[in-house]
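J.: A structural model of the following input is requested.
(2 chains)
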Amino acid sequence: LAKTTQPISMDSYEGQEVNITCSHNNIATNDYITWYQQFPSQGPRFIIQGYKTKVTNEVASLFIPADRKSSTLSLPRVSLSDTAVYYCLVGYSSASKIIFGSGTRLSIRP
Amino acid sequence: DAEITQSPRHKITETGRQVTLACHQTWNHNNMFWYRQDLGHGLRLIHYSYGVQDTNKGEVSDGYSVSRSNTEDLPLTLESAASSQTSVYFCASRPSGSEDEQFFGPGTRLTVL
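T.: Residues are numbered from 1 along each chain as shown, chains lettered A, B, ... in the order given. Got it, this is the predicted structure:
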């Protein structure tokens, strides 16, 4: 099972672009990369998922280099409401034992 | 709208008591999961199920059990609650056969005194 490493915490300001990088050196061929967001006292919520190159949705972009040993979650023009913990996960659906690391605590200031 | 619910949302119990946490989803998902989250940590998988009558142990399954008698429910039982099981418990579900996202419930905060 691929282990992920992300920064423990990050700070930024409203209106800035925030990039959170996750390392997953032993990612397997079948593994997808998924990011979740968690607010206090709530369950995690899916943000974005990708396999390679770049994926973009209405919330974020996910950049995955060719070797897939890392990925970067990009949040454009953050607001105070983006203050949360962000988890990077790698896994394959049949494995099911997708491991949540400690996540990155993102704090957005006015 | 389809949803996933957990009950109770808060529970205080005593060491040695049996406790059951309920999880119910209306998406008809085959895959269901139970996680625990301790302060300042990520989620750790307790048990999971791929369908009715199927249950599997996760990385922290000792002291916990689950049963899957229908698609909608996966109750989590603490056979003899211990203080080390004080935590926030999250249930999740996901469609089978894909990399689709997991949908998480609102969580149950359990305190074992």
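
J.: any weak-confidence spans in the chain?
T.: Assuming you mean chain A. A:1-2, A:92-98 (pLDDT under 70).

J.: if you could check chain B rather than the one you did, that'd help
T.: For chain B, the ranges with pLDDT under 70 are B:97-100.

J.: so where do the strands sit in it?
T.: B:4-7, B:10-13, B:19-25, B:31-37, B:43-51, B:54-57, B:64-66, B:76-78, B:87-94, B:103-104, B:108-112 (DSSP state E).

J.: Which other helices and strands does the fifth one contact?
T.: Yep, that's strand B:43-51 we're talking about. If you count contacts as 3 or more Cβ pairs under 8 Å, 6 or more residues apart in numbering or on different chains; DSSP states H and E, strand B:43-51 packs onto strand B:31-37, strand B:54-57, strand B:64-66. For glycine as for every other residue, the C-beta is placed from the backbone atoms N, C-alpha and C.

J.: That one: which residues count as buried?
T.: By 16 or more other Cβ atoms under 10 Å in any protein chain shown, the buried positions in strand B:43-51 come out as B:43-49.

J.: who does that strand pair up with?
T.: strand B:31-37 (antiparallel), strand B:54-57 (antiparallel) (DSSP bridges).

J.: between that strand and strand B:87-94, how many degrees?
T.: 40 degrees (axes from the mean of the first three to the mean of the last three Cα atoms, to 10 degrees).

J.: who touches strand B:43-51?
T.: Residues from elsewhere that reach strand B:43-51 (Cβ atoms under 8 Å, 6 or more residues apart in numbering or on different chains): A:44, A:87, A:96-100, B:30-38, B:55-61, B:64-66, B:68, B:71, B:74, B:76, B:89-90, B:96.
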